[in-house]
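A.B. asks: Sequence and predicted structure are below.
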Amino acid sequence: MMDRLLTAGDVAKLLTMTPFWVKDHTSHSGRPANRQPALRGIMVGTNRHLRYREADVEQFVTALAGETPDHGEQNA
């Protein structure tokens with residue numbers, strides 16, 4: 001099943017951050033993010049709207065928390 005696509009505003013609400021903060025951490029179309037860890041964004045449509053897959057947001061949160069995706073343990 002395909003992930004739901006989220007806007008920067010949707011992601012910002014989930015993370016209790018601003019859309020600017022989300023976009024600052026976004027990499028897309030070969031463009032690196034300004035901040036690390038990077039959140040993968042995708043450009044969709046003829047107007048190239050920036051969207052985020054739910055799975056990519058989950059990976060980003062895991063990276064922010066310093067957890068390993070498989071075990072949920074803190075990195076040493």
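C.D. replies: Sure, I can see it.
A.B. asks: The single longest strand found in the chain: partners in the sheet, and parallel or antiparallel?
C.D. replies: Ranked by residue count and defined by DSSP state E, the top strand of the chain is strand 49-53. Take DSSP bridges as the rule and strand 49-53 pairs in its sheet with strand 5-6 (antiparallel), strand 42-44 (antiparallel).
A.B. asks: and those strands, which one is worst for confidence?
C.D. replies: Ranked by mean pLDDT, the strands paired with strand 49-53 end with strand 42-44 at the bottom, a mean of 92.
A.B. asks: Show residues contacting that strand.
C.D. replies: If you take C-beta atoms under 8 Å, 6 or more residues apart in numbering as the criterion, strand 42-44 is touched by 5, 28-29, 49-53. C-betas here are computed from N, CA, C, even on glycine.
A.B. asks: could you flag which of these are buried?
C.D. replies: 28, 50-53 (16 or more other C-beta atoms under 10 Å).
A.B. asks: May I have the secondary structure class of the closest residue to residue 38 other than its chain neighbours?
C.D. replies: Of all residues not flanking residue 38 in the chain, residue 27 sits nearest, at 4.3 Å (C-beta to C-beta, 6 or more residues apart in numbering). At residue 27 the chain is in strand, as set by DSSP: H, G, I helix; E, B strand; the rest coil.
A.B. asks: Using PDB, write out every CA atom in the helix or strand that contains residue 11.
C.D. replies: Following DSSP states H and E, one finds residue 11 within helix 8-15. Extracted in PDB, the C-alpha atoms of helix 8-15 (Å, rounded to 0.1, in the frame of the first residue of the first chain):
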ATOM      1  CA  ALA A   8       5.500  20.600   5.000                       C
ATOM      2  CA  GLY A   9       2.600  22.000   7.100                       C
ATOM      3  CA  ASP A  10       1.400  18.400   7.900                       C
ATOM      4  CA  VAL A  11       4.900  17.300   8.900                       C
ATOM      5  CA  ALA A  12       5.400  20.500  11.000                       C
ATOM      6  CA  LYS A  13       2.200  19.800  13.000                       C
ATOM      7  CA  LEU A  14       3.300  16.200  13.600                       C
ATOM      8  CA  LEU A  15       6.700  17.300  14.800                       C
END
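A.B. asks: Okay then, goodbye and thanks.
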